[in-house]
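**Student:** Structure for the following, please:
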Amino acid sequence: MKSTVSKYEFVDEMSNKGNGFSWDGAGALYDYLEQLEQDCGVEFNFDPIAFRCEYNEYENFKAVQNDYKDIENIDDLENKTTVIEVPHTDKIIIQAY
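**Tutor:** Numbers count the residues shown, from 1 in each chain. Got it, this is the predicted structure:
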């Protein structure tokens, strides 16, 4: 990331101070964004507010379905938006749409 924020700094900021991500979720988001930067050759500015507006963490798929009534299964969701699985949990992060 442009501001050369470390993974620890990113996770600490995104999982504290009301930014709405669990520690594991913030780590998964950081890993996703780092990979996206490498794949696209674009650097992101570290903007916790923008990331919080663009991505939402859910406890499980059922919680996503509560917000998005048109989603019947994970394939439906993946066809509509970015889905980031949080390792070793049932949590998922999606790009809001």
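
**Student:** quick one: Thr81 and Ile94 touch, right?
**Tutor:** Yes. The criterion here is Cβ atoms under 8 Å, and Thr81 meets it with Ile94 at 5.3 Å. C-beta here means a position set from N, CA and C on the backbone, and glycine is covered the same way.

**Student:** Looking at the two, which one has more neighbours?
**Tutor:** Ile94 (21 against 15; other Cβ atoms under 10 Å).

**Student:** Show me what the lengthiest helix in the chain is packed against.
**Tutor:** Using DSSP state H, we find that the single longest helix of the chain is helix 23-40. For helix 23-40, the packing partners by 3 or more Cβ pairs under 8 Å, 6 or more residues apart in numbering; DSSP states H and E come out as helix 7-15, strand 55-58, strand 83-85, strand 92-95.

**Student:** Tell me how far the shortest one lies from the chain's centre.
**Tutor:** If I follow you right, that is strand 83-85. Relative to its parent chain, strand 83-85 has a centroid offset of 7 Å by Cα atoms, centre = their mean, to the nearest Å.

**Student:** Alright, that wraps it up for me.
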